[in-house]
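>>> Predicted model and sequence below, questions to follow.
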Amino acid sequence: MAVGKITFTKTEREKLAEVLWLLNWISVVTGAILFGLGLFLKIEIQKWQEVMSEQGILYVPHMLITTGLAACGINYVGSKICLDCADTNKFLRWKLVMMPYIVCTFFFTACVLAGALMCYSIRSQLEEALYLGLRNTMRFYKDTDTPGRCYLKKTLDLLQIQFQCCGNTDYRDWFQIQWISSRYLDMTNSAVVDRVRSNVEGKYLMDSVPFSCCSTLSSRPCIQHNLSNPGAHAHYDEQSQQLNLWRRGCQQALLDHYTGTMQSIGLTVLLIWLFELLVLTGVRYLQTAMENVIRLGDPDSESEGWILENSLAETACYNFSIIKTLGKCYQVDDDPNINVPTAAADQEAPSAQVQVNVTS
Amino acid sequence: MALLVVKFDLKKRVKLAQTVWFMYWFAVLAGILVLSLGLFFKIELRKRSELMDNNESHFLPNVLIAMGLIACGINAFGGKVCYDSLDPTKFAKWKPMLKTFLVFCMGFNALLIATALLCFVMRIPFQFTLAEGLKNGMKFYKDTDTPGRCYMKRTLDLMQMEFRCCGNDNYRDWFEIQWVSNRYLDFSAKEVKDRIGSNVDGQYLMDGVPFSCCNPSSPRPCIQYQMTNNSAHYSYDHYTEELNVWRRGCREALLSYYGGIMNTIGALVLLVTMLEVAVTVGLQYVDTSLSTLANPEDMESESEGFLLEKTVKETFTDIMAKMKAMGKGAKVEEGGEEGVATVS
């Protein structure tokens, strides 16, 4: 028994072909949208690539870009095929290509689904990459004279200003690294020397943050230094402290930004996948209906279309047996076309020799 | 003899009508463009109206919006007339009002040119509004507890960061005003008392700037306080230090931003004017070619289209004569009555 059997009249077949032609063209547009989304995501990730320790997550936009291009190509071919399918004679041209085309489209649709699911699964990898990347960027904040790192200060300042965040997890991360270069420290000053000596690694640590951590929402001028000592500042109460700097960590801010973007993109890709699935089902019905019409011989008669000829289990078994046979192609079996050397052949050989002896 | 005469047969007339109809649709889009430019400019002005003391003139964007709407209306009507010109019965409906419509179009085109010129000229009064507004804005920076001014600090900080500028003319403007509120000053400290005492108005002035003046491209952490005191910071010379804070003044930055917007809008309005003149000329040719049919009954006969019925000089003298006649018409009536009175 076939799966999803539907009977089609001639007019219904022609209508189906027309509708599928239009849907395939719409799919070309959605393929272009997919390509655009991949490109947009790639640009967004590369904008802040300096604060990510590794760009492994770039495989998501690359996947979207390739699937988008593939979608455009496959659906363009599909629209051509569907246009010809309305007429039985033209269908014969495409008869042999149809089955491989449908298998190809099925795998391609699976890739689109994989792309959509990837968008949702990226969070943990991104979290790790951001944590390590931000930690390194903060460490190299002071190295504005080292080639390769001289723009990290600017990048981190702009990041903190734009995303309204400070430090990796918290503003206190800045207390644990030296973010003022030794070039600007007066080593003859005893206070400076004391600070450097009080630290195991000889770093100049202080309880202050860069200016880019300052919050624009604060009602008082920004307090950047002596942050662990609220008493050092006039009328620096709890509320002032809350509003003074950005409270959010940049890892969280960037994570939220990218997860939000990818979730919207993932949703769009899922919708595109559902649409592609619909188109694939339609093309399958059209293919089986046209083949049945040819089998029946009468172009104007009704024919049946289905998704699978036999039930799911039987089709799976059949496909497995095909794959097994492919593996066994060099082994002996009961195919009469293969020349199997048997005892009869052995007898022929000596008789040939006897003949030779006689003639010589 | 008429100006710029062109001979038309049926095929040419149809082609002309179709081209002009097509151009009218472009002109409708151009009208929508002018409308949206006006709206955009209005929104941009509103966004920063606090910095201009809520005193900015919305005259230019309002004019642009009005011109955009009128352009859409005129061009839609002109397109309909062109479409109907291919059918003599429908065209007969529009024929009587075409002359006045064309005169109205010419007037509208002149107004468009005036609007474009206005875009380029408005920069000058705008400069003064900005200067005044920014000066007051900086004065109110510290008043985050006064209703009506409590967002000035935030607006100024965001503006200085976005436009990469500091102060009105340059960063030294911040040295001349008190931008730290008295609420956050410790009046028991000697240093604070000295500073306030040294000043005539009793203001707490310092050679420091807010954090939003800091330049992220600077290789060293931002020096915001004691900026003119070289010995307060290691290896620092405030005369040669260029990357520490933004050097540009905010008045200049905002002026170049808004000036750029106004110049672009002015250039686009000029282009739209050229399109409008082209469609007006096209409609004139459509109208004249259909009025001068050699054989009024036969649609396939030849006709002539022209730009002006007489030469430019003759048309001008005609218009002057008409205007004089209209002016004298009132006088003649009065004189006639008197004459009648005297005769009787």
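That came through fine. On a predicted model such as this, the values are computed, not experimentally measured, just so you know.
>>> Please determine whether the longest helix seen in chain B lies in contact with chain A.
Using DSSP state H to assign secondary structure, the helix with the most residues in chain B is helix B:250-291. No. Judged by C-beta under 8 Å from any C-beta of the partner chain, helix B:250-291 and chain A are separated, with a smallest distance of 15.5 Å. The C-beta positions use only the backbone N, C-alpha and C, and glycine is treated the same way.
>>> Tell me the helices and strands packed up against whatever helix or strand comes next after that helix.
The C-terminal neighbour of helix B:250-291 among helices and strands, as given by DSSP states H and E, is strand B:303-305. Contact partners of strand B:303-305 among helices and strands, from 3 or more C-beta pairs under 8 Å, 6 or more residues apart in numbering or on different chains; DSSP states H and E: strand B:6-8, helix B:250-291.
>>> What residues does the stretch 151-300 of chain B have near chain A?
B:153-154, B:157-158, B:161, B:179-181, B:183-186, B:210-212, B:214, B:216-222, B:224, B:233-235.
>>> Which helix or which strand is home to the residue nearest to residue A:116 when sequence neighbours are not counted?
Excluding the flanking residues, the one nearest residue A:116 by C-beta to C-beta, 6 or more residues apart in numbering or on different chains is residue A:269, at 4.0 Å. Using DSSP H and E, the element containing residue A:269 is helix A:250-296.
>>> pLDDT averaged over that helix, what's the number?
In this model, helix A:250-296 has an average pLDDT of 92.
>>> Contact residues of chain A facing chain B?
A:144-145, A:150, A:153-154, A:157-158, A:161, A:179-181, A:183-186, A:189, A:210-212, A:214, A:216-217, A:219-222, A:224, A:233-235.
>>> Of those residues, which belong to helices?
Those of the residues of chain A next to chain B lying in helices (DSSP H): A:153-154, A:157-158, A:161.
>>> Please indicate which of these has the highest neighbour count?
Using other C-beta atoms under 10 Å in any protein chain shown as the neighbour criterion, residue A:153 leads these with 25 neighbours.
>>> which ones are touching that residue?
With contact set as C-beta atoms under 8 Å, 6 or more residues apart in numbering or on different chains, residue A:153 has these partners: A:141-142, A:144, B:216, B:218-219.
>>> If we use 6 Å, what do you get?
Residue A:153 makes contact with A:141, A:144 under the criterion C-beta atoms under 6 Å, 6 or more residues apart in numbering or on different chains.
>>> Kindly provide the distance from it to residue A:181.
Distance of residue A:153 to residue A:181, computed by C-beta to C-beta, to the nearest Å: 9 Å.
>>> The closest residue in space to residue B:88 that isn't next to it in sequence: how many residues sit nearby?
Closest residue in space to residue B:88, ignoring its immediate chain neighbours: residue B:299 at 6.4 Å, by C-beta to C-beta, 6+ apart. Residue B:299 has 13 neighbours, counted by other C-beta under 10 Å.
>>> can you tell me how far residue B:299 sits from residue B:291?
13 Å.
>>> Check residue B:149 too.
To residue B:291, residue B:149 is 66 Å away according to C-beta to C-beta.
>>> neighbour count winner among those two?
residue B:149 (18 against 13).
>>> wouldn't the more buried one be in contact with residue B:139 here?
No. Using C-beta atoms under 6 Å, residue B:149 makes no contact with residue B:139, being 9.4 Å away.
>>> Quick one, which of the residues of the stretch 151-300 of chain B next to chain A are buried?
B:153-154, B:157, B:161, B:179-181, B:184-185, B:210-212, B:214, B:216, B:218-222, B:224, B:233-234 (16 or more other C-beta atoms under 10 Å in any protein chain shown).
>>> Help me confirm that residue B:33 is found in a strand?
No. Checked against DSSP: H, G, I helix; E, B strand; the rest coil, residue B:33 lies outside a strand; its state is helix.
>>> what's the neighbour count on it?
16.
>>> what's the angle between the host helix or strand of residue A:17 and helix A:250-296?
Per DSSP H and E, residue A:17 falls inside helix A:10-47. Using axes from the mean of the first three to the mean of the last three C-alpha atoms, to 10 degrees, one finds that helix A:10-47 and helix A:250-296 are set 160 degrees apart in direction.
>>> pLDDT of the very next helix or strand once past helix A:10-47, averaged?
Using DSSP H and E, the helix or strand that directly follows helix A:10-47 along the chain is helix A:59-85. The average pLDDT within helix A:59-85 is 91.
>>> In contact with the residue positioned nearest the centre of chain A, which residues?
Most central in chain A under C-alpha atoms, centre = their mean is residue A:60, positioned 2.9 Å from the mean C-alpha point. Residues in contact with residue A:60 (C-beta under 6 Å, 6+ apart) are residue A:118.
>>> that older thread, what pairs with the next helix or strand after the helix holding residue A:269, and is each one parallel or antiparallel?
Once helix A:250-296 ends, the next helix or strand along the chain (criterion: DSSP H and E) is strand A:303-305. Using DSSP bridges, strand A:303-305 pairs in its sheet with strand A:6-8 (antiparallel).
>>> pLDDT of the partner strand, averaged?
87.
>>> do the same with stretch B:281-291
Per-residue scores along stretch B:281-291 average to 89.
>>> ok, residue 91 - contacts?
In the absence of a named chain, chain A is used. Neighbours of residue A:91 in contact, by C-beta under 6 Å, 6+ apart: A:85, A:290.
>>> Hmm, no, I was thinking of chain B.
B:84-85 are the contacts of residue B:91 under C-beta under 6 Å, 6+ apart.
>>> And the pLDDT for it?
At residue B:91, the pLDDT recorded in the model is 84.
>>> Can you pull out the low-pLDDT segments for the chain?
Picked chain A for this. For chain A, the stretches flagged by pLDDT under 70 are A:1, A:329-336, A:338-360.
>>> Chain B, not that one
B:1, B:294-296, B:330, B:332-344.
>>> burial measure for residue A:100, as a count.
By other C-beta under 10 Å, 9 other residues sit near residue A:100.
>>> correction: residue A:171
Neighbours around residue A:171, by other C-beta under 10 Å: 22.
>>> buried subset of the residues of chain A next to chain B?
Here, 16+ other C-beta under 10 Å leaves A:144, A:153-154, A:157-158, A:161, A:179-181, A:184-185, A:210-212, A:214, A:216, A:219-222, A:224, A:233 buried among the residues of chain A next to chain B.
>>> Report all helices and strands that the longest helix of chain B contacts.
helix B:10-47, helix B:88-121, helix B:123-139, strand B:303-305 (3 or more C-beta pairs under 6 Å, 6 or more residues apart in numbering or on different chains; DSSP states H and E).
>>> Quick one: list the elements packing against the first one.
Going back to what we said before, that points to helix B:10-47. helix B:59-84, helix B:250-291.
>>> between the longest one and helix B:88-121, how many degrees?
Relative orientation of helix B:250-291 with respect to helix B:88-121: 160 degrees, computed using the same axes, to 10 degrees.
>>> now helix B:250-291: how far from the chain's centre is it?
11 Å (C-alpha atoms, centre = their mean, to the nearest Å).
>>> do you know how far the closest residue to residue B:61 other than its chain neighbours is from chain A?
Of all residues not flanking residue B:61 in the chain, residue B:42 sits nearest, at 3.8 Å (C-beta to C-beta, 6+ apart). Computed as C-beta to the nearest C-beta, to the nearest Å, the residue B:42 to chain A distance reads 25 Å.
>>> Check whether residue B:42 really touches residue B:62, as I assumed.
No. Taking contacts as C-beta under 6 Å, residue B:42 lies outside contact range of residue B:62: 7.5 Å.
>>> higher neighbour count, the two?
residue B:42 (16 against 13).
>>> Pick the most deeply packed of the helices and strands packed on helix B:250-291.
Of the helices and strands packed on helix B:250-291, the one with the most neighbours on average (mean count of other C-beta atoms under 10 Å in any protein chain shown) is strand B:303-305, at a mean of 20.
>>> now that one, how far from the centre of its chain.
Per C-alpha atoms, centre = their mean, the centroid offset for strand B:303-305 relative to its chain is 40 Å.
>>> Neighbouring strands - and their directions - for that strand?
strand B:6-8 (antiparallel).
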